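> Could you look at this predicted model? Sequence included:
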Amino acid sequence: MMGTKEERFKTIFQANSRKIFHLCYGYTGDHDSANDLMQETFLKVWQNLDKFRNQAMISTWIYRIAVNTCLSYLRVEKRQPKEELTENIIENQAEEFSEKNEQVALLYKCISQLEENERIIITLVLDEIPYAEIAEVSGISEGNLRVKIHRIKQKLTEIYNRNERL
Amino acid sequence: MKDFEALKNIWHGQTELPKLSYEDILKNIRGTKSKFANKLLFQVIALIFSIAVMLYVLFKNDFKLGTSQLGITIFVICLLYYLFVQIRDYRNISNSENMLDKPDEYISYLKSYKHRRYILNTRVYRIYMVFIALGLALGFIEVFFTMSVWQTALAIIFTIGWFLLCYYVFMRLYIRKEEARINEMIQNLERLQAQFKEHDELV
């Protein structure tokens, strides 16, 4: 019985862990915190695995757990200012960075300058999650979400271009 | 100048992977479970042991005054209440059903949970302290009869002084700190809730 549960968990983990990591990284702007949040998310997934049995869209529920985990995380942890934090990451890991990786780091830095809900929505958009699923995860109607996504895209592009010039 | 499609390409070019594997997560799940069970077990054993000692003292000693029995009984009730609160909170923590709520609803749940914890850490804790003090005071009445007047007076002054210090200094400091913490948390949660509610007013 446990074996079956572990097998299911493994399949779910392999299918979703990367995107959940992106979501957590986008939210915190910090690699270690993202790993902590991802672990917390999958711990909750394990605890609720039996309730997922009849769910067609398992990924939606996993994203929901991840989003709620992110939302409660900042309430507990006192974090460094995100600007400074991301600068540190860039400096500390400089040797590993190619130009491509620098662009990725800059993108994460720009995402961390958005509001919390905007960070969540845009990482899901970047990972090409269907709008209907993002609406379900965030509890926002699809119409409202489209308007919001349009604004966030513009805002993020603007922040990125401003930072790239520096 | 990059457009959003260019940002999307950058995003898909990221190579950094999560540090955790499926095996790490499972190992942590087992570890957390047993750590939680051990902690709870230890607390239950410690409390049962304390209650057993209290009951032994209550029945084995030939107390002259009813106040001693009443004091010990109040103490035992306080310990049982503490045990109940601990188990209830651990159950709430391990029951993660709310994680599946919509973010807006989840934030509401977090707010009410934080508020409940605040009430527990302030008002309920204050009542708990008063009863512990009452239990001790009642228990000491009989002990005072075996001591000289001076010793009794000193013990009473010291005990009352200690309780006043705890109540008016330590507990007020603690409550003030707790209040500041909860207010900050609630403010942050309200800010987040506003972010998620805002969307309904957009169209």
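Nice, I can see it.
> and the closest residue to chain A within chain B, what does it touch?
Relative to chain A, the nearest point of chain B is residue B:102 (3.1 Å; Cβ to the nearest Cβ). In this view, the C-beta of every residue, glycine as well, is placed from N, C-alpha and C. Shown in contact with residue B:102 (Cβ atoms under 8 Å, 6 or more residues apart in numbering or on different chains): A:64, A:138-139.
> Run through the helices of the chain in chain order.
Went with chain A since none was named. For chain A, the helices defined by DSSP state H cover A:2-28, A:31-47, A:58-76, A:82-92, A:99-111, A:116-126, A:131-138, A:142-165.
> Wait, chain B was what I had in mind.
Going by DSSP H, chain B shows helices at B:4-12, B:22-60, B:66-94, B:103-119, B:125-145, B:149-165, B:171-197.
> Save the ones you listed as a markdown table, and put in mean pLDDT too.
Shown next, in a markdown table, are the helices of chain B (pLDDT from 0 to 100):
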| stretch | mean pLDDT |
| --- | --- |
| helix B:4-12 | 92 |
| helix B:22-60 | 81 |
| helix B:66-94 | 83 |
| helix B:103-119 | 85 |
| helix B:125-145 | 84 |
| helix B:149-165 | 87 |
| helix B:171-197 | 82 |
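> Can you say which of these is nearest to residue A:17?
The minimum distance between residue A:17 and these falls on helix B:22-60, with 7.7 Å, by Cβ to Cβ.
> Could you list every helix and strand that the closest one packs against?
Where contact means 3 or more Cβ pairs under 8 Å, 6 or more residues apart in numbering or on different chains; DSSP states H and E, helix B:22-60 is packed against helix A:2-28, helix A:31-47, helix B:66-94.
> Looking at these, which is nearest to residue A:132?
helix A:2-28 (16.3 Å).
> Direction-wise, compare that closest one with helix A:58-76 and give the angle.
50 degrees (axes from the mean of the first three to the mean of the last three Cα atoms, to 10 degrees).
> Mind checking the helices of chain B for the one nearest to residue A:15?
helix B:22-60 (11.0 Å).
> what distance separates the closest one from the centre of its chain?
16 Å (Cα atoms, centre = their mean, to the nearest Å).
> Residue B:1 against residue A:161, yeah?
Yes: taking Cβ atoms under 8 Å as the definition, residue B:1 is a contact partner of residue A:161 at 5.5 Å.
> Between these two, point out the one with more neighbours.
Ranked by neighbour count (other Cβ atoms under 10 Å in any protein chain shown), residue B:1 and residue A:161 place residue A:161 first, with 15 against 8.
> Show me the contact partners of stretch B:170-186.
A:75, B:111, B:114-115, B:117-118, B:121-122, B:125-126, B:129.
> how near is residue A:105 to residue B:194?
30 Å (Cβ to Cβ, to the nearest Å).
> for the residue nearest to residue B:152 when sequence neighbours are not counted, what are its contacts?
Closest residue to residue B:152 apart from its sequence neighbours, by Cβ to Cβ, 6 or more residues apart in numbering or on different chains: residue B:144 at 4.4 Å. By Cβ under 8 Å, 6+ apart, the contact set of residue B:144 is B:152, B:155-156.
> Most neighbours among those residues, which one is it?
residue B:152 (16 neighbours).
> I'd like to know how far that one sits from residue B:132.
21 Å.
> For chain B, what's its nearest residue on chain A.
residue A:139 (3.1 Å).
> Torsion angles phi and psi at the nearest residue to that residue once chain neighbours are set aside?
Distance criterion Cβ to Cβ, 6+ apart; nearest residue to residue A:139, sequence neighbours excluded, is residue B:102 at 3.1 Å. Backbone dihedrals for residue B:102, given as degrees, to the nearest 10, come out at phi -70, psi 150.
> Equivalent analysis for residue B:147, please.
phi -100, psi 170.
> Please name the nearest non-neighbouring residue to it.
Per Cβ to Cβ, 6+ apart, closest to residue B:147 is residue B:155, 6.9 Å.
> my guess is the one you found contacts residue B:145, does it?
No: counting by Cβ under 8 Å, residue B:155 stays clear of residue B:145, with 11.7 Å between them.
> from what I can see residue B:8 touches residue A:127, true?
No: here residue B:8 does not reach residue A:127: they are 9.6 Å apart, not a contact under Cβ under 8 Å.
> Now the most centrally placed residue in chain A: closest residue in space, sequence neighbours ignored.
Centroid-nearest residue in chain A: residue A:23, 0.7 Å away (criterion: Cα atoms, centre = their mean). With sequence-adjacent residues excluded and distances taken as Cβ to Cβ, 6+ apart, residue A:23 is closest to residue A:123, at 4.9 Å.
> Next up, the contacts around that neighbour.
A:22-23, A:25-27, A:111.
> residues near residue A:114, how many?
Neighbours of residue A:114 (other Cβ under 10 Å): 19.
> Would you agree it is in contact with residue A:155?
Yes: counting by Cβ under 8 Å, residue A:114 touches residue A:155, with 6.6 Å between them.
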